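>>> Sequence and predicted structure below; questions after.
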Amino acid sequence: MGGHLGGLTGTTTVTVKLSDVNDNPPHFRRSAWSFSVSELAAPGVEVGRLTATDPDLGENAQLEFTILDAEEADIFNVTGRAKEAVIVLNKLLDYETRNSYTFSVEVVNPIVDPRFIRKGPFKDQATVRVMILNADEPPRFSQAVYHLDVSENCPPICAVGRVYAVDPDTGQSANIRCLSHHRPHMIYPLTPH
């Protein structure tokens, strides 16, 4: 059929399967995040989550998160869960010592394709501020145990010695009262030594 319409031709179906390449850098959904946590929170408590996006697929969409500030990286921990950075408390906090922390969190693609490096950097940063909430803490004695000596000739009501306590919220002892376990009806003001 040479020279005729349709001569020496044939048809077939071709399926082209596209594979994903890492051509999209990750991004945090916001550049600044704020959270709050009580000063009484125990280590391991979740403080908050930062959300990131990466439209790539599979291993090209893997995200790793890091706290960039050394001091804060000691107090807080960050772990990746899906496309979220989960900020967790690592140490006990004290509002009276410090009432807020500000630090940077970085998200990166651990696998970068050198062909698309010009589209980078394949990382992003966000600023995190954690406000520490003050809690009404009980007073603390200056010692766990006091040893006081008393004479056997001491009258029924006499001064045996002094104990000292301070309110961690104010750093003062002026408004602290002591209730005697031996005489529950007796309330004594604590006086500084």
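Nice, I can see it.

>>> Pull the contacting residues for Ala135.
Ser38, Glu39, Leu40, Tyr95 (Cβ atoms under 8 Å, 6 or more residues apart in numbering). No exception for glycine: its C-beta is placed from N, CA and C like everyone else's.

>>> Any chance of a ChimeraX selection covering the buried ones in those?
Buried residues among the contacts of Ala135 (16 or more other Cβ atoms under 10 Å), as a ChimeraX selection:
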select :39,95
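
>>> Pipe the contacts of Ala135 into a markdown table and attach distance to Thr15 and pLDDT per row.
Formatted as a markdown table, the contacts of Ala135 follow (distance: Cβ to Cβ, whole Å; pLDDT from 0 to 100):
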| residue | distance to Thr15 | pLDDT |
| --- | --- | --- |
| Ser38 | 58 | 95 |
| Glu39 | 61 | 93 |
| Leu40 | 61 | 92 |
| Tyr95 | 63 | 90 |
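
>>> which one of the contacts of Ala135 sits closest to Thr51?
Ser38 (23.6 Å; Cβ to Cβ).

>>> any low-confidence regions in this structure?
Within the chain, the stretches with pLDDT under 70 are 1-4, 6-7, 137-138, 164, 166-193.

>>> Which positions within the longest strand belonging to it qualify as buried?
As assigned by DSSP state E, the longest strand anywhere in the chain is strand 123-133. Judged by neighbour count (16+ other Cβ under 10 Å), strand 123-133 contains these buried residues: Lys123, Asp124, Ala126, Val128, Val130, Ile132.

>>> Ok, stretch 82-89 next?
Lys83, Glu84, Ala85, Val86, Ile87, Leu89.

>>> Let's have these in TSV, adding secondary structure and distance to Ala52.
Formatted as TSV, the entries for the buried residues of stretch 82-89 read as follows, by DSSP: H, G, I helix; E, B strand; the rest coil; distance: Cβ to Cβ, whole Å:
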residue	secondary structure	distance to Ala52
Lys83	coil	5
Glu84	strand	7
Ala85	strand	7
Val86	strand	12
Ile87	strand	13
Leu89	strand	21
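
>>> ok, which stretches of this structure are strands?
Under DSSP E, the chain gives strands at 27-28, 32-38, 46-53, 64-67, 76-81, 84-89, 100-108, 123-133, 140-141, 165-166, 177-179, 187-189.

>>> if we can go back for a sec, now flag whichever of the contacts of Ala135 is closest to Ile75.
Looking across those and measuring by Cβ to Cβ, the closest to Ile75 is Glu39, at 12.2 Å.

>>> Quick check: chain neighbours aside, which residue is closest to that closest one?
By the measure of Cβ to Cβ, 6 or more residues apart in numbering, the closest residue to Glu39 outside its immediate chain neighbours is Tyr95, 4.2 Å from it.
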